[in-house]
Every structure is written in C-alpha cells, then in structure tokens.
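Asker: just the structure for this:
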Amino acid sequence: MPEGLEVAVRTLLAIVILFLMTKLLGKRQVSQLSLFEYITGITIGSLAAYISLDLDTNWYLGIISLVVWVGFSLGIEYLQIKSKKARDFLDSKGTVLIKDGKILEDNLKKERLTTDELMEQLRTKKVFMVADVEFAIMEPSGDINVLLTRENQPLTPKHLGIKVAPEQEPQVVIMDGKIMDEPLATIGLNRGWLHTELDKIGVTIENVFLGQVDSYGQLYVDLFDDMLKVPQPQNRAQLLATLKKCEADIELFALSTTEKKGKQMYEQCSNDLIQIIETVKPFLK
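Answerer: Here you go, the predicted structure:
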C-alpha cells in the first residue's frame, strides 16, 4: 500500500477510535478538565497521532495502548465516584480566595493567582468591588464562584414575598418548517391543535423556522422572514382579564340588589373570586 494511502487509512481509523473512546469517557472529558483528565487528553491525542503517522511500527500496538489508557481513565473516574479521598487527591479541593470582603493573600499565592487575574475573574461575574463579595472560592476546575453580600444580591420575587409559577421545559414543536410529533405528544397535544393555533395568527407551517410551546400551552413562533411580526400569545392575559371582569360584575350585582340575602351572596362570591384571582395571578401574568 502506498505510504500516502496508508497514512490516510490510519488517520481515519484513529479518528473513529478517538471519537468512540472520548464518547466512552463521557461529557466531562470535554467540558471541565481536572489535572488527570488534562493529562489523559494530551496522551490520547499523542497516541492517535502515533497510530496515524508512525509507519515503521505496528499500528495495532497504538490501539492497544489507547485502550489500556482509556480503561485506566475509566477506573480512575469510577474511583472518584466511590471515594471522597480519591476525589480530593486527584481533583484537589476548592480554595477560598475572598471572605467577608477581604482577599486571602496566602490562598491567592497558593493557587499562583495574581491580583489582576483575580479581578479579571470577578469582572466576568459582573463584580467590580471586592468589598461587595461575601465569599469567593476557586473550584478544582479553576473557575471562581462568587457569592455577593446580601445587600448586593439581585432582587428576586422571593425577597418581595411574591409567589411565581413554576416553569417547565418548553417543547420545540416546529423546526425548519417541519412538525415535531414527539415533543407534541410529550405535552399532550396533536397536529390539529397546532394547525388551529397557527390559523389564529395567520401563519402556515412552511413559513415557521422555529415553534415552541411553553408549559402553559402557548405557542411562540419565529418565522423565516424576519420582517414579519407575529402577535404574542395572550391566552393567559385574557383569562386573567375575564376573571377580573367577572369579579367586577358580581360586585355590581351586589350593589344593585336591595335583597339582603342576595347582596350577602354576591359579596361572598366576590370575596371568593378575589382570593382565586390572587392565587392564580402568578400563573397568568
């Protein structure tokens, strides 16, 4: 076999084997690398290059070495899952860099991190004042996580005592002008419902680049033509407005009647409906 063709065949073989081995090692291998995983990545890449280009040796020896190394890596990962001590030894522990707005210089030196690098990491977290930091820790992955002091934390509905509705994963039901039947079935809907919703906004399936249904059954679409505007779903807002109108009508009935029992009944119904509206309002806004 000509050398050029042999290199091409070996390279294709190395790509396939490398893909399969990396997939076997899992997603963590290609996301946040520990020290050992970093070494594993370099070694596997070197072995793949050896399989591709070293024509003077038997190619299967590289594959054996690759399999042994990946098997050893899997063993290390299993050991890390089972043993906290193994995780601490291989991945090390997190290091506190800032506590109560004070930089811990000794820990900064221990991680060989300069003040400029620390400030750069803080700015990536949208933090510009060290005094605003309650706690900052460098994780084994090298990322720095920051907890702001309570007065500097973003305001949330929980701080205001506001109850909000839970959100579920939106489902993509249209992609590139094609209906996705499986996501539709997941949320208990069908093509008939989808066509009805599209008719309401005057859009055909072929014109939809992406269509999503939220946890409340409302359809949102993005069209191929970016110049066209599609009205946003108003089902929840309309339901809330209807409930408020019903409550106002009941109050009007209570004011217009002169019968004592009837007035009491209307007032009781109005109070009950007000409580219902307050309960469902977070879900309908």
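Asker: sticking with residue 80, tell me its helix or strand.
Answerer: helix 59-82 (DSSP states H and E).
Asker: tell me which residues in that helix are buried?
Answerer: Residues of helix 59-82 classed as buried by neighbour count (16 or more other C-beta atoms under 10 Å): 59, 62-63, 65-66, 69-70, 73, 76-77, 80. C-betas here are computed from N, CA, C, even on glycine.
Asker: ditto for stretch 98-110
Answerer: 98, 103, 107-108.
Asker: return the member of those nearest to residue 193.
Answerer: Nearest to residue 193 among the buried residues of stretch 98-110: residue 98, at 52.6 Å, using C-beta to C-beta.
Asker: need the three-state assignment for the spatially closest residue to the closest one that is not a sequence neighbour.
Answerer: Nearest in space to residue 98, with sequence neighbours left out and distances taken as C-beta to C-beta, 6 or more residues apart in numbering, is residue 136 at 3.7 Å. Here residue 136 is recorded as strand under DSSP: H, G, I helix; E, B strand; the rest coil.
Asker: low-confidence stretches in the stretch 101-250 of the chain?
Answerer: 160, 162, 164-167, 231-238 (pLDDT under 70).
Asker: please enumerate the strands of it.
Answerer: Along the stretch 101-250 of the chain, counting by DSSP state E, counting those that start in this stretch, strands occupy 102-103, 133-138, 144-148, 171-175, 178-179, 208-213, 219-223.
Asker: and the residue nearest the centre of the chain, what is it in contact with?
Answerer: In the chain, the residue lying closest to the centroid (C-alpha atoms, centre = their mean) is residue 169, at 10.1 Å. Residues near residue 169 by C-beta atoms under 8 Å, 6 or more residues apart in numbering: residue 215.
Asker: go on, the one 3 residues further on?
Answerer: For residue 172, the residues meeting the contact criterion (C-beta under 8 Å, 6+ apart) are 180, 183, 210-212.
Asker: apply 10 Å and report the result again.
Answerer: Neighbouring residues of residue 172 by C-beta atoms under 10 Å, 6 or more residues apart in numbering: 180, 182-184, 210-213.
Asker: if we can go back for a sec, so how many other residues sit close to the residue nearest to residue 98?
Answerer: Under the neighbour criterion other C-beta atoms under 10 Å, residue 136 is assigned a count of 24.
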